[in-house]
Structures are given as structure tokens and as C-alpha cells.
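K.L.:
how does the following fold in three dimensions:
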Amino acid sequence: MNLLLLGRRTAMGGLAALLLVAGFWASWGTAQHVMLGDSRERGTMRVARCSSDTCAGPYVPSTAGFQPRERVVIDRSIAEKKGVRIPVAVKPGTSEVVRTGGPGFLHAWLPLGGALLLSAVVVAGGLRLPRTAWALALAGGTLLTASFATLAF
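P.N.:
Have a look, this model is predicted:
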């Protein structure tokens, strides 16, 4: 009986860890461009038009040594309106940009927020650790709510 309990806890602990690592990994691709801005090309994008999943517009750099671009593309979030200027960082070697500042930082970590919520369910049901599950759920919910608030208002 103890081996079954150990096996279940090991499996659920591994699943919760896998969810958290996957959430971090999915977030890090965008977050590194937002957080590591010292050597990156930064500037402002003016939203010209949006489709269902992306927005595009002209880009003006704020760092010396870079040229303006007629068109850059950003993933669409909830607050883009035509004519809005968004502070962005350019992904090296592409015409894709990501938001910078507080809203960009929180938006980059959205996958981690979802992973925290999913792992809370696994920790509560599989590991029977309700306090830890509540802490994970609270952290994930706070991250998702803060991201929504900064992007919507």
C-alpha cells in the first residue's frame, strides 16, 4: 500500500513540476525580450491595423543606431486600438515586436500564470496539499488578473 501512495505522489509531483517548467519555458521566450532590454532594439509602434490574432504598424526606434521600419507585427492582446502607440522591443532578426514596460512584463508571463492554476489542481487533488494548492492558485490568479488589468485599462 505504501508503494502505491509513493507512486501516486511521485507521479503527481512530477506532473505538477512538468506543468510549472512548461509554463516558465513558454513565458521565457517573450519575457527575455522584455526584461533584457539593454542590448536590444527598443522603440514605439503605432497600431495601424489589427487582424484576429496580430496587429501591425510603423516602428520608430528610441535607441541610437537603428532605423525606423514601415511595418512591424505584434501579437494581439485585448487593448489595441487604431492609432495607439505601444512601447516595444524588436525580436532580433525579425519584424516581430513585443510589449515592454509593466503591461509587457505581465503579458509575457501569462503562460506561467495558467501553469500555476493547472498545477494547483494537480497539487490539491493528486498530492492532497490544500495550502500549497491555494498558494499556487492565488499566485496564478493574481498574475492573470494583473495582466488583464494592465492590458485592458
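
K.L.:
where exactly do the helices run in this protein?
P.N.:
2-35, 101-108, 110-126, 130-152 (DSSP state H).

K.L.:
so what touches the second one?
P.N.:
Read it as helix 101-108. Outside helix 101-108, the residues that touch it by CB atoms under 8 Å, 6 or more residues apart in numbering are 27, 30-31, 33-35, 77, 79, 87-89, 98-99, 143, 146-147, 150-151. C-beta: built from backbone N, CA, C; applies to glycine.

K.L.:
the last one too?
P.N.:
Around helix 130-152, the neighbours that count as contacts under CB under 8 Å, 6+ apart are 77-79, 102-103, 106-107, 109-110, 112-117, 119-121, 123-124, 127.

K.L.:
how close does Ser119 get to Ser51?
P.N.:
33 Å (CB to CB, to the nearest Å).

K.L.:
neighbour-wise, which of those two wins?
P.N.:
Ser119 (27 against 9; other CB atoms under 10 Å).

K.L.:
so who does the more buried one touch?
P.N.:
By CB under 8 Å, 6+ apart, the contact list for Ser119 reads Ala16, Leu19, Leu20, Gly23, Leu136.

K.L.:
what do you get for Leu110?
P.N.:
Ser27, Leu143, Leu144, Ser147.

K.L.:
same thing but at 6 Å, please
P.N.:
Contacts for Leu110 (CB atoms under 6 Å, 6 or more residues apart in numbering) come out as Ser147.

K.L.:
and it, what's its pLDDT?
P.N.:
Looking at Leu110, its pLDDT is 94.

K.L.:
got it, and Lys81?
P.N.:
Lys81 carries a pLDDT value of 80.

K.L.:
in the chain, which residue is most central in space?
P.N.:
Geometric centre of the chain, nearest residue: Ala108, 2.2 Å, by CA atoms, centre = their mean.

K.L.:
quick one on the thing from earlier: got the contacts of Ser119 as TSV, with neighbour count columns?
P.N.:
TSV is the format used below for these (neighbours: other CB atoms under 10 Å):
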residue	neighbour count
Ala16	24
Leu19	22
Leu20	17
Gly23	22
Leu136	24
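
K.L.:
what's the neighbour count on the closest residue to Arg49 other than its chain neighbours?
P.N.:
Closest residue in space to Arg49, ignoring its immediate chain neighbours: Ala56 at 6.0 Å, by CB to CB, 6 or more residues apart in numbering. Other residues near Ala56 come to 19 when the count uses other CB under 10 Å.
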